[in-house]
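> Below are the sequence and a predicted model; questions follow.
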Amino acid sequence: MLNDIQETLYDAEQIQQKVRELAENISRDFEGRNPLVICVLKGAFIFMADLVKNVSIPLEIDFMAVSSYGQSTKSSGVVKIIKDLDVSVEGRDVLIVEDIIDSGLTLSYLIDVLERRNAKSVTVVTLFDKPARRTVELDADYTGFTLPDEFVVGYGLDYAEKYRNLPYIGILKPEVYTKS
Ligand code: XMP
Ligand code: MG
């Protein structure tokens with residue numbers, strides 16, 4: 001598996017350092033608010049776990065799984081909820097935890113859903129951002145690393161469901177995409 005990685009962009013220590021930084025900022029900004037922290041599955045599961053371990057204020061967590069339709073062909077912004085939240089967001093300060101923002105379609109849909117369900121506030125933290133690929137105007141409130149326009153894997157992110165367990169983030173060798 002390690003042989004499939006062409007280049008490490010950020011190693012485990014760099015990621016942990018950044019996650020601690022984000023958690024400190026969130027702890028400070030959400031002081032006294034008991035946010036509902038929403039993990040967007042599957043990609044954000046490792047980031048979510050590392051992040052909340054470093055947040056020093058009371059919070060609750062829930063999970064949501066979504067999938068985008070025809071990302072490469074049409075940018076309709078239609079996103080399907082595969083697994084919905086267990087709890088109501090009404091009147092809650094919500095913090096969405098995303099792995100990566102690409103076109104921005106998934107996130108803009110999610111924000112819209114949570115606002116229509118009357119969340120008190122919707123804030124977004126993403127570990128990675130690829131601003132070059134944005135099709136909707138949208139930025140996270142907290143961003144870990146800004147990435148070049150390359151497909152990355154590791155630290156929760158997959159290619160064909162593999163590589164999520166890598167503790168670092170890297171770029172795959174091109175031949176990995178071409179062989180089945
Ligand atoms: P949009 O385009 O809606 O998509 O912002 C966000 C989702 O697309 C996936 N994505 C990636 N997954 N490596 C991955 O493993 C990448 O480089 C990458 N870029 C986008 C991811 O599921 C994310 O939530
Ligand atoms: Mg995702």
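Okay, I see it. Ligands and ions are numbered 1, 2, ... in the order given.
> list the helices and strands the helix or strand that residue 39 is a member of packs on?
Using DSSP states H and E, residue 39 sits in strand 36-41. If contacts are counted by 3 or more C-beta pairs under 8 Å, 6 or more residues apart in numbering; DSSP states H and E, strand 36-41 sits against helix 45-53, strand 60-68, strand 93-101, helix 105-116. Just so you know, the C-beta spots here come from the backbone N, C-alpha and C atoms, and that holds for glycine as well.
> any bit of the longest one sitting next to ligand 2?
No: using C-beta under 5 Å from the ion, helix 105-116 never reaches ligand 2; the gap is at least 6.5 Å.
> quick one, the next helix or strand after that helix and strand 36-41 angle?
Note on helix 105-116: by DSSP H and E, the next helix or strand toward the C-terminus is strand 121-129. Interaxial angle of strand 121-129 relative to strand 36-41 (axes from the mean of the first three to the mean of the last three C-alpha atoms, to 10 degrees): 40 degrees.
> what distance separates strand 121-129 from the centre of its chain?
Distance of strand 121-129 from its chain centroid, counting by C-alpha atoms, centre = their mean, to the nearest Å, is 7 Å.
> Which neighbours in the sheet does that strand have, and how are they oriented?
Sheet partners assigned to strand 121-129 using DSSP bridges are listed as strand 93-101 (parallel), strand 142-146 (parallel).
> tell me how far the helix or strand bottoming out on mean pLDDT in the chain is from the chain's mean position?
Comparing helices and strands within the chain by mean pLDDT, DSSP states H and E singles out helix 174-178 as the least confident, with a mean of 83. The chain centroid and the centroid of helix 174-178 are separated by 25 Å under C-alpha atoms, centre = their mean.
> Write out the residues of the protein neighbouring ligand 1.
Residues of the chain found near ligand 1, taking C-beta under 6 Å from any ligand atom as the criterion, are 43, 68, 71, 99-107, 151-153, 157-158.
> Return a selection command, for use in ChimeraX, containing the buried ones of those residues.
Only the buried entries of the residues of the chain next to ligand 1 go into this ChimeraX selection, using 16 or more other C-beta atoms under 10 Å:
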select :43,68,99,100,101,102,103,104,105,106,107,152,153,157
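> Tell me which of the helices and strands packed on strand 36-41 sits most buried.
strand 93-101 (a mean of 24; mean count of other C-beta atoms under 10 Å).
> so where's the protein shaky on pLDDT?
1, 69-77, 179-180 (pLDDT under 70).
> Tell me the secondary structure at the closest residue to ligand 2 within it.
Closest residue of the chain to ligand 2, C-beta to the ion: residue 43 (3.5 Å). Here residue 43 is recorded as coil under DSSP: H, G, I helix; E, B strand; the rest coil.
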